[in-house]
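Chemist: Fold the stuff below for me.
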Amino acid sequence: MAGLNKSLALSVRADDTLDESDDDELLFNPLNDSVDFGEAPLDLRRSSTLDLESPSHRNAIEAAIYLIEGEQNELFELFHPRTRTQRRYFQLITRLWFKVLDFSIGLVLLLVVMVEEPAVWTVPEAVSQCIVAGCLGWQLFYATIMWRRHGSWEQYLTPKTGGKLHVAMTGILMIEWLCLFIWPSQSRVLRSFRPFFVLRSLLGNGVRRVLRQIAHSVPPVLDIMVLLLFFVAIFAVMGLYIFSNMDRSFKTLDDSFVSLFVTLTTANFPDVMMEAYHVNHATPIFFIVYLLFGLYFLQNLMLAAVIDRFSAEEKAKFQKLFKHQRRACRKAFQLVADSDLQRLEWPVFKAVMSVYRPRLPALQCYFVFRGLDVDQRSGLTMDQFLGLTDALRLEWLQDRTSLGSLGGWHRWQTRLHTMVNSMLYKRVYMGVVLLNSIYILILASYDPDSRIQTSSHAVEMLFFVLFVLDMTVKIAGLGPRLYWTNPWNKFDAAVTTASLIGLIVQSIADNQVFYTLLRPFRLLRLLEARKVYRDLMVAFLSIIPKLMRFAAALLVVFFPFSIVGMQAFANTVSKCDASCGAEYSREAGSEGWYQLNSFDNIGRSYVTLFELMIVNNWHLIMEGHVSATSRVARLFFFGFYLLNVLVVVNVVIAYVLTAFQAGLPVMQAQNESRHIDSLSKTVTVTSDELRRDLDREEIESLLFLRSDRLYLPSQLTFRGLHPFTRTALYGLMFADDIKDWIADETEQWVSEVN
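Modeler: Okay, the predicted model is just below:
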């Protein structure tokens, strides 16, 4: 069974857990502890297991596949494997090594552009051609695998599977590869389609969903964008008539439109009006009216439209996934539940979870089952099983108050736990942090070669020892697992470890640069002093995974612009001189060096595009490329600004605002908790139940040592803490809507069954 389960194992994305218990109760994670204290003698016996060849086991595998499809939001009608061959290829494409290999080949296809002309590193053309040929071969192999996985080409090429798009992109890649031999210089633009193969992979799901959200945000923005351009055109005509005789920026309608478009980004303001302002002091009225309406009204109206559309998309996506996961749970329950009792018993639940979540520890799986079995009868009902998705997010910790008196090391661990959670310890710690921060600021005010800087080693060592002692005491009192669930503890450990490395480098190489660079980061410890900062930190860490996907999506959006930019502007602006603008002057003492803002290779292209996204002085980069090529180049830069700054950046802002809107109210009501109290659960189990349901190896971590004998406590209490995750916070934010979604989903299921 282990080998079969291993073959079906999937790499499921885990929600980021940020939880910590700051209560007076003593909690530890039993999954990492092998010895403990107890009261009752140990008498273990193995629990029943399923026969590998039985229909029950096959149903358990089928149920696990339904749960996997529910988690990945795949349509059962199109994606669920029906035959033995389809299941075999389903197992193949969902193995971790296959997903990593598929993603890596797509990534290699993107990175090979660094050695293709115009190259960052020059290699023989045959090398890049062979790499592209290898990636093309893999895409053809992948198409064959997907054909076998879906059973037929007709099924694979249906719109929902993405098969047609994959075949089309593979065809484009084949044309690009052939053009490398026939017409290499003109085939570069076809590289723009390469990001598809990264996004198509299962590991690129998150980035693909972000790009889909960005695409869905374009339609409502498009109308406002047209209105914005129309508004700029009207003022451009007015500016032409008013300022054409007093300002060089308004000599023609083209110059007037470009100047006012750039002004809307504030990159050339107030420079754009100074020449006319010198002639007529009433000139600022025109620009004030223009910026008030264009910058502060229309652009904020665009942001509001993006936020509204993004919020609606997030809610619709959450609703769809919520209903789909419930339907997956229903289908899985139908397969494995007892037909007479209509309940799912523990052995069957364990078998399903061994396929669905093979890396889930046995005790964690058991507590998930007990947390769902609220009536503590002979198994789970369908309604209870529908809560599986939320139950799997819980982090189970043992309540030590249920164990009574402890002895030996556990007595000292209890005392250390109480000490590090006491208000006195926290105040002393913050006092040390404050003194360290004051000392860092004092050192920063002196010259690096001053006497106080060279004699600061002893004081630095003192603070370092204090922070190491604090980390050691907390790990000993809280336990390693509970210690690492606190983001501030992670930060302290990272800074302390980096400081240790800095001290080692300083003592070996007599170089203080690395250690000096770490000093400012210690000032961030002061943020822990106030609850509002702690809440902001937890909220920020809870959205980091999605922000990383947004960053990856931004890199993907940059890629086609980089390819087009290299095709159009490579080796042009880098050869500019003062004729392209003062910033491009090559004379001694000039402050330009804007020739570096070019599209000569993929590395410089990304740097240039990032500068354009930041907007500051972006018009100077644009005008340099216009001078080096033609006025048509402005279309490229205007298009990049409209898409990336007005759409992509606004979508990121919308996500951050939505996430904080969902998370901050919950965290502010949690006092010092690092988990969501309303979603957490408590489970109490007896030794008899543990002996009945678990194997000896699974209970070993719950054994307690007293008087050289192993005991299993007669009763143990565990708390399932729900971390601050984006999904959980959305669930609380849409709590009222979820009631309606449940009613709709239940009605649909009843009609489907009947």
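Chemist: What segments of the stretch 351-500 of the chain are strands?
Modeler: If DSSP state E, counting those that start in this stretch is used as the criterion, the strands of the stretch 351-500 of the chain fall at 395-399.
Chemist: quick one, helices of the stretch 501-650 of the chain?
Modeler: 513-522, 531-569, 602-614, 618-628, 633-640, 649-668 (DSSP state H, counting those that start in this stretch).
Chemist: Which of the ones you listed sits closest to E117?
Modeler: When the helices of the stretch 501-650 of the chain are compared for distance to E117 using C-beta to C-beta, the nearest one is helix 531-569, at 9.0 Å. All C-beta spots, glycine's among them, are computed from the backbone N, C-alpha and C.
Chemist: by how many degrees do the closest one and helix 633-640 diverge?
Modeler: Regarding helix 531-569 and helix 633-640, their directions subtend 150 degrees when assessed with axes from the mean of the first three to the mean of the last three C-alpha atoms, to 10 degrees.
Chemist: now helix 531-569 against helix 618-628, angle please.
Modeler: Using the same axes, to 10 degrees: helix 531-569 against helix 618-628 is 10 degrees.
Chemist: circling back: go through the helices of the stretch 501-650 of the chain and name the closest to V221.
Modeler: When these are ranked by proximity to V221, the top entry is helix 649-668, at 7.6 Å, counting by C-beta to C-beta.
Chemist: Give me the mean pLDDT for that closest one.
Modeler: In this model, helix 649-668 carries a mean pLDDT of 74.
Chemist: and if you look at stretch 438-450?
Modeler: Over the span of stretch 438-450, the pLDDT mean works out to 71.
Chemist: Kindly report the same for stretch 561-576.
Modeler: Here the average pLDDT along stretch 561-576 is 88.
Chemist: cool, and stretch 183-194?
Modeler: Per-residue confidence for stretch 183-194 averages out to 82 on the pLDDT scale.
Chemist: and M238, what does it touch?
Modeler: F286 (C-beta atoms under 8 Å, 6 or more residues apart in numbering).
Chemist: how about 10 Å then?
Modeler: Listed by C-beta atoms under 10 Å, 6 or more residues apart in numbering, the contact set of M238 reads F250, S256, L260, F286, Y290.
Chemist: Let me know the closest of those residues to D373.
Modeler: Ranking the contacts of M238 by separation from D373, with C-beta to C-beta as the measure, puts Y290 on top at 66.3 Å.
Chemist: nearest spatial neighbour of that closest one, skipping sequence neighbours?
Modeler: Of all residues not flanking Y290 in the chain, F235 sits nearest, at 5.2 Å (C-beta to C-beta, 6 or more residues apart in numbering).
Chemist: In this structure that neighbour contacts L295, no?
Modeler: No: distance between F235 and L295: 12.0 Å, which falls outside the contact criterion (C-beta atoms under 10 Å).
Chemist: and the residue nearest the centre of the chain, how far is that from I61?
Modeler: For the chain, P545 is the residue whose C-alpha lies nearest the centre (C-alpha atoms, centre = their mean; 1.8 Å). Spatial separation of P545 from I61 under the definition C-beta to C-beta, to the nearest Å is 30 Å.
Chemist: Next: A654.
Modeler: From A654 over to I61 (counting by C-beta to C-beta), the distance is 41 Å.
Chemist: More neighbours: the two, which one.
Modeler: Comparing A654 with I61 by other C-beta atoms under 10 Å, the one with more neighbours is A654, at 23 against 20.
Chemist: ok now do the more buried one, which residues does it touch?
Modeler: 213, 217, 303-311, 313-314.
Chemist: Among those, which one has the most neighbours?
Modeler: V306 (26 neighbours).
Chemist: Provide the backbone phi and psi angles at that residue.
Modeler: Per-residue torsions, V306: phi -60, psi -40 (degrees, to the nearest 10).
Chemist: re earlier: any idea how far the residue nearest to the centre of the chain lies from G163?
Modeler: For P545, the distance to G163 - C-beta to C-beta - is 29 Å.
Chemist: returning to what we had before: any residues in contact with both of F235 and L295?
Modeler: What both F235 and L295 touch, as defined by C-beta under 10 Å, 6+ apart, is the set T263, L264.
Chemist: more crowded one of the two?
Modeler: Neighbours of F235 and L295, each counted by other C-beta under 10 Å, are more numerous for F235; the result is 22 against 15.
Chemist: in what helix or strand does the more buried one lie?
Modeler: Per DSSP states H and E, F235 falls inside helix 205-243.
Chemist: after that helix comes which helix or strand?
Modeler: Towards the C-terminus, the helix or strand next in line after helix 205-243, according to DSSP H and E, is helix 253-264.
Chemist: Put the alpha carbons of that next one into PDB.
Modeler: Output of helix 253-264 as PDB, limited to C-alpha atoms (Å, rounded to 0.1, in the frame of the first residue of the first chain):
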ATOM      1  CA  LEU A 253       0.100  68.700 -31.500                       C
ATOM      2  CA  ASP A 254       2.300  65.700 -31.200                       C
ATOM      3  CA  ASP A 255       4.600  67.500 -28.700                       C
ATOM      4  CA  SER A 256       1.700  68.900 -26.800                       C
ATOM      5  CA  PHE A 257       0.100  65.400 -26.400                       C
ATOM      6  CA  VAL A 258       3.300  63.800 -25.300                       C
ATOM      7  CA  SER A 259       4.200  66.500 -22.900                       C
ATOM      8  CA  LEU A 260       0.800  66.400 -21.200                       C
ATOM      9  CA  PHE A 261       0.700  62.600 -21.100                       C
ATOM     10  CA  VAL A 262       4.100  62.600 -19.300                       C
ATOM     11  CA  THR A 263       2.800  65.400 -17.000                       C
ATOM     12  CA  LEU A 264       0.000  63.100 -16.000                       C
END
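Chemist: Show me which residues of it are buried.
Modeler: When neighbours are counted by 16 or more other C-beta atoms under 10 Å, the buried residues of helix 253-264 are found to be D255, S256, F257, V258, S259, L260, F261, V262, T263, L264.
Chemist: do the same with stretch 167-182
Modeler: The neighbour-count criterion (16+ other C-beta under 10 Å) identifies V167, M169, T170, L173, E176, W177, L180 as the buried residues of stretch 167-182.
Chemist: Which pLDDT value goes with the fourth one?
Modeler: The pLDDT attached to L173 in the predicted structure is 91.
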